[in-house]
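K.L.:
Structure of the sequence below:
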Amino acid sequence: VHFGQATFQVGWERFLAGEMLFAQNDESYDRDNLPSLVMSAINAAAKHVDGASDSIIGDGTTATDVRASLLQRIVLSGGSAAMPGLAERLTYELRRAESLSSRAVKVYPAIPRDRGTWLGASMLAGTSTFAEHWCVHAPTTPVPPKRSIRRRAMDTIAGILAAAVDASFQVDEDENDNVSAGSADSDDDDDGGGGGGGGDG
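P.N.:
Numbering: from 1, shown residues only. Okay, the predicted model is just below:
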């Protein structure tokens, strides 16, 4: 590994970052690992199937059906999802923890130049029922009209231009003062030189 002008070798330490996602709960690590979080999300979704209406989940759909369907649709997204082999490792850990067959779990790796969040939002916005689930937050303060915003911008620009013009005039005045002072000094030198010449004659 090259870091600036330093070069060093990394051995087994390079695996520790990825292993943190699969660490078991113990005294040194009290948070759920990635497979546990995935299964918690799937089980939470399946738990609400019994109370949902048939028009939403379909006739005869059970919690077991939803759980099996979600296990086939696990999608990785984000920066950490770009780690090589993460999809395969997560598939293995889920199968081992839940005693599932090789075909029961399907994990989709992150796509190149991961845009999973944008793609998911675009597909959701394209559904026919998306407008029914909008959440609109009314502004707490009145929004100023467009004309006042434009007027404020014009006033700001006018102030900047006026300041620039004033600065330009100040520079010109300073230059004129310097020129006048130089001319006065030259006249004084000429007068002094003429008087000295007359005295010598």
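K.L.:
which sections of the chain are below the confidence cut-off?
P.N.:
Under the criterion pLDDT under 70, the flagged ranges of the chain are 25-30, 50-60, 112-114, 136-150, 168-201.
K.L.:
now do 90
P.N.:
Judged by pLDDT under 90, the chain has its weakly predicted residues at 1-33, 43-69, 75-85, 97-104, 109-201.
K.L.:
In it, what residue spans correspond to strands?
P.N.:
In chain order, the chain shows strands spanning 2-3, 6-7, 74-75, 107-108, with DSSP state E as the criterion.
K.L.:
so which of those strands gets nearest residue 19?
P.N.:
When those are ranked by distance to residue 19, counting by C-beta to C-beta, first place goes to strand 107-108 at 17.5 Å. (C-beta placed from N, C-alpha, C; glycine too.)
K.L.:
picking that back up, kindly compare burial across the strands of the chain and name the winner.
P.N.:
Counting by mean count of other C-beta atoms under 10 Å, strand 107-108 has the highest mean neighbour count of the strands of the chain, with a mean of 18.
K.L.:
partner strands of that strand, parallel or antiparallel?
P.N.:
With DSSP bridges as the test, strand 107-108 is paired with strand 74-75 (parallel).
K.L.:
Would you format the strands of the chain as CSV with distance to residue 85 included?
P.N.:
Output for the strands of the chain, formatted as CSV (distance: least, C-beta to C-beta, whole Å):
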stretch, distance to residue 85
strand 2-3, 24
strand 6-7, 26
strand 74-75, 15
strand 107-108, 11
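K.L.:
Residue 37 is nearest to which of those strands?
P.N.:
Taking C-beta to C-beta as the criterion, strand 74-75 is the member of the strands of the chain that comes nearest to residue 37, at 11.2 Å.
K.L.:
Residues contacting the closest one, please?
P.N.:
If you take C-beta atoms under 8 Å, 6 or more residues apart in numbering as the criterion, strand 74-75 is touched by 38, 90, 94, 105, 106, 107, 108, 116.
K.L.:
tell me which of these is nearest to residue 72?
P.N.:
Proximity of the contacts of strand 74-75 to residue 72, judged by C-beta to C-beta, is greatest for residue 106, which lies at 4.5 Å.
K.L.:
Once you drop chain neighbours, what's closest to that closest one?
P.N.:
Distance criterion C-beta to C-beta, 6 or more residues apart in numbering; nearest residue to residue 106, sequence neighbours excluded, is residue 72 at 4.5 Å.
K.L.:
again, but for residue 21
P.N.:
Excluding its sequence neighbours, the residue lying closest to residue 21 (C-beta to C-beta, 6+ apart) is residue 34, at 4.4 Å.
K.L.:
Name the nearest residue to residue 61, sequence neighbours excluded.
P.N.:
Spatially, and ignoring its direct neighbours in sequence, residue 61 is nearest to residue 49 (6.5 Å; C-beta to C-beta, 6+ apart).
K.L.:
tell me, how many neighbours does the one you found end up with?
P.N.:
A total of 16 residues lie near residue 49 under the criterion other C-beta atoms under 10 Å.
K.L.:
What of residue 33?
P.N.:
For residue 33, the neighbour count with other C-beta under 10 Å is 17.
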